[in-house]
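# model the structure of this input:
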Amino acid sequence: MKKLNSLVVLLFGLLLFLAASFRVRNGDWKAITEKIASGECDFFSGQWVYDDIKYPLYSERQCRFMSDQSACEKFGRSDLVYQKWRWQPDGCNLPRFDGARLLAKLRGKRMVFVGDSLNRNQWVSMVCLLDTSTDGSNKAMETHGNLMSFKLKDFNASVDFYWSPLLVESNSDHPVLHRMPDRIVRAHSIEKHAKHWTEADILVFNTYLWWRRRNMKVLWGSFKEDDGVYKEIESIRGYELAIKAWSDWLEFHINRTKTELFFMSMSPTHSTGDEWGTESGHNCYNETLPILQDGYWGEGSDPRYMHLVETTIQELKEKGVHVKFLNITQLSEYRKDGHPSVFRKQWDPLTEEQLKNPRSYADCIHWCLPGVPDVWNQILFAHIFS
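Numbering: from 1, shown residues only. Below you'll find the model as predicted:
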């Protein structure tokens, strides 16, 4: 009888603890939501704090679906300090990613990342965050053309990536064979891609990297016809046309009561070392620490593109379509240490010249995982639940 009473007391105490924890968690989220709404909590301004206790959020080897493009440790990177930086926003704390909570929301639903290889980088991060925070092996990766789909079968959920580097139709749409000397877009044509993601429950867009050239060609007509009209224009003008086509599609085709919409700002590159005070000709190769200069902004991040997206999102809001713009550019600018550099799978054999000069083939565009994109997803997670 005493044992039974002790067990009852223990269970009652456990229930009280869980109830208190639930109230605290919900209180925290309520406070965060109120701070975000009031502008008091700005996830996008702050500083990187070294934290080797709570970070990284997972290990590279834990993630069964890690991409060789981001597996820096696997390909020889031995300095792992880059994995242990925590983003500390001004005025509030960034909630820790909770995979179980996100999966509960995603049950029976579909989340799609749409865009270029930086959005794929973020998608792989999300896949790893979910894979390593849940038990069970009933998960699979499927590829169908431009679509890569991470299936969480126990939840009847999928977290997908759709390759569409310029959002609109282009001659770079092939998921593998997309490097073209002349980049051509059909600036007003998005339906070819949109039919694959319009019905999703959560959509996360990006596009910037593939627009980083002075000029590009715009096609009025079809790639399959010979009577199309080509015009070479400034890339910023082409970007404006593409974002207009994207916004028009959302206005007339998206389910406003079902689909949550997000747009990620540009991901910075670190290819010119003299921008942060190192020797001319250097880049992210051998960089092991973040940039400490407050407000540092590299020349590779063109604010005109960001302004175009922000203006378009405001116009959509006035039409009743709500897109959350997640400005991850500034916080990522500091992280010259977070790129794969030479520590990734090389898709082509290295030349003798490249072997002599590793800086010449260092990847200073994409990001190691675990790493910076995990913070992007923490911010995305916070906004999904706020």
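
# so where's the stretch 1-150 of the chain shaky on pLDDT?
1-39 (pLDDT under 70).

# where do the helices of it begin and end?
2-38, 99-106, 117-132 (DSSP state H, counting those that start in this stretch).

# hang on, residue 314 in a strand?
No. Counting by DSSP: H, G, I helix; E, B strand; the rest coil, residue 314 is not part of a strand but helix.

# that one: neighbour count?
Applying other Cβ atoms under 10 Å, we find 11 residues neighbouring residue 314. Just so you know, the C-beta spots here come from the backbone N, C-alpha and C atoms, and that holds for glycine as well.

# now do it, the pLDDT please.
Looking at residue 314, its pLDDT is 99.

# list the contacts for residue 46?
87, 88, 89, 90, 331 (Cβ atoms under 8 Å, 6 or more residues apart in numbering).

# how much space between it and residue 85?
12 Å (Cβ to Cβ, to the nearest Å).

# against residue 157, how distant is the residue positioned nearest the centre of the chain?
Among the residues of the chain, the one closest to the centroid is residue 122, at 3.2 Å (Cα atoms, centre = their mean). Look at residue 122 and residue 157: by Cβ to Cβ, they are 18 Å apart.

# can you give me the domain assignment for this structure?
What the record gives for the chain is the domain set 1-40, 47-385, from automatic domain parsing.

# distance from the longest strand anywhere in the chain to the middle of the chain?
Using DSSP state E to define each element, the chain has its longest strand at strand 42-50. From the chain centre to the centre of strand 42-50 is a distance of 17 Å (Cα atoms, centre = their mean, to the nearest Å).

# for it, buried residues please.
43, 44, 46, 48 (16 or more other Cβ atoms under 10 Å).

# quick one on the thing from earlier: any idea what sits nearest the residue nearest to the centre of the chain, other than its immediate chain neighbours?
residue 373 (4.5 Å; Cβ to Cβ, 6 or more residues apart in numbering).

# how about the contacts made by the one you found?
121, 122, 124, 125, 367.

# ok, and the most crowded of those residues?
residue 125 (30 neighbours).

# with distance to residue 338 added, can I get the contacts of residue 373 in JSON lines?
Formatted as JSON lines, the contacts of residue 373 follow (distance: Cβ to Cβ, whole Å):
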{"residue": "121", "distance to residue 338": "11"}
{"residue": "122", "distance to residue 338": "13"}
{"residue": "124", "distance to residue 338": "14"}
{"residue": "125", "distance to residue 338": "12"}
{"residue": "367", "distance to residue 338": "5"}
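
# in the residues you listed, find the pair that's most separated.
124 and 367 (9.6 Å; Cβ to Cβ).

# excluding its backbone neighbours, what's nearest residue 295?
residue 330 (7.6 Å).

# now for the spatially closest residue to residue 342 that is not a sequence neighbour, how many residues are close by?
Excluding its sequence neighbours, the residue lying closest to residue 342 (Cβ to Cβ, 6+ apart) is residue 358, at 4.9 Å. If you count neighbours by other Cβ under 10 Å, residue 358 ends up with 13.

# got it, and residue 365?
Residue 365: 19 surrounding residues under other Cβ under 10 Å.

# wait, doesn't residue 170 sit right on residue 184?
Yes. With contact defined as Cβ atoms under 8 Å, residue 170 reaches residue 184; the gap is 6.2 Å.

# settle it for me: which of these two has more neighbours?
Each of residue 170 and residue 184 has its neighbours counted (other Cβ under 10 Å); residue 170 has more, 28 against 20.

# distance of the more buried one from residue 217?
The value you get for residue 170 to residue 217, if Cβ to Cβ is used, is 10 Å.

# state the pLDDT value of residue 183.
88.

# which residues are in contact with it?
Counting by Cβ under 8 Å, 6+ apart, residue 183 has contacts 166, 170, 171, 172, 210, 213, 216, 217.

# for the second one, list each beta-bridge partner.
In this case it means residue 170. residue 185 (DSSP bridges).
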